[in-house]
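Trainee: just a sequence and a predicted model for now, questions to come.
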Amino acid sequence: MDKHITTPLTHEKVQSLRAGDSVLITGTIYTARDAAHKRLCELVEKGEPLPFDVKDSIIYYVGPTPAKPGMAIGSAGPTTSYRMDAYSPTLIAQGETGMIGKGKRGPDVIEAMKKYGAVYFAAIGGAGALLSKCIKSAAIIAYEDLGAEAIRRLEVENLPVIVVIDSQGNNLYETGRREYLNSKTK
């Protein structure tokens, strides 16, 4: 059964999510990849304001392709999340509560998620054209010089994701693997 959440992703909503939950996200989310994350963390280090309020926000790790006529955005599939691992704990400490990407996360990210209350969602890699249909509008809000990696504000409707790591540190990549291996021995 899918859970439906509407942004902002408050701590109350984060606490209700468990590893393995299928979720449909509606509302405002932001895009950023490693180059943008580096710039955001440099602003935090300098005590300067960020180009958007990360409190209760979801950041989607995506560098979309150009939009086709009549579309808000081009293909928008997730990028590999570990490239943001050096930066994610800083943004989580600033109030970011959700991340969307693909692949594993490092222990520092998971500890920050548990400490501050955040969740990591996975989107299906290779399904960028289908995911883009859930994006109703897209606007560059910072770092236009980064091209596809510029920070965008997206309005999404029923964006399908799976909770991979919840705010307690439960990790679907670990539990799912154990369940699969245990089922093979029965």
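Mentor: That came in fine, so what should we check first?
Trainee: quick check: Cys41 touching Ile92?
Mentor: No: in this structure, Cys41 is not within contact of Ile92 by C-beta atoms under 8 Å, at 11.3 Å. To be clear about C-beta, it is placed using only N, CA and C from the backbone, and glycine gets the same treatment.
Trainee: what about those two, which has more around it?
Mentor: Higher neighbour count among Cys41 and Ile92: Ile92, with 24 against 18, using other C-beta atoms under 10 Å.
Trainee: list the helices and strands the longest strand belonging to the chain packs on?
Mentor: Using DSSP state E, we find that the single longest strand of the chain is strand 151-165. Secondary-structure packing of strand 151-165 (3 or more C-beta pairs under 8 Å, 6 or more residues apart in numbering; DSSP states H and E): strand 22-31, strand 119-122, strand 135-142, helix 172-184.
Trainee: need the winner for burial among these.
Mentor: strand 119-122 (a mean of 24; mean count of other C-beta atoms under 10 Å).
Trainee: please enumerate residues in contact with the helix or strand following that strand?
Mentor: Next along the chain after strand 119-122, taking DSSP states H and E as the criterion, comes helix 128-132. Helix 128-132 is contacted by residues 62, 64-65, 71-78, 123-124, 159-160 when judged by C-beta atoms under 8 Å, 6 or more residues apart in numbering.
Trainee: report the buried residues of helix 128-132.
Mentor: Within helix 128-132, the residues that count as buried by 16 or more other C-beta atoms under 10 Å are Gly128, Leu131, Ser132.
Trainee: still on that earlier bit, let me see the mean pLDDT of the longest strand of the chain.
Mentor: For strand 151-165, the mean per-residue pLDDT is 97.
Trainee: how long is stretch 41-56 end to end?
Mentor: 17 Å (C-alpha to C-alpha, to the nearest Å).
Trainee: stretch 47-63 too?
Mentor: End-to-end distance for stretch 47-63: 27 Å, by C-alpha to C-alpha.
Trainee: for that stretch, buried residues please.
Mentor: Those would be Leu50, Pro51, Phe52, Val54, Asp56, Ser57, Ile58, Ile59, Tyr60, Tyr61, Val62, Gly63, for stretch 47-63 by 16+ other C-beta under 10 Å.
Trainee: most widely separated two among these?
Mentor: Farthest-apart pair in the buried residues of stretch 47-63 is Asp56 and Gly63; separation 23.8 Å (C-beta to C-beta).
Trainee: rewinding a little: which one of the helices and strands packed on strand 151-165 lies nearest to Pro8?
Mentor: Pro8 lies closest to strand 22-31 among the helices and strands packed on strand 151-165, at 7.3 Å (C-beta to C-beta).
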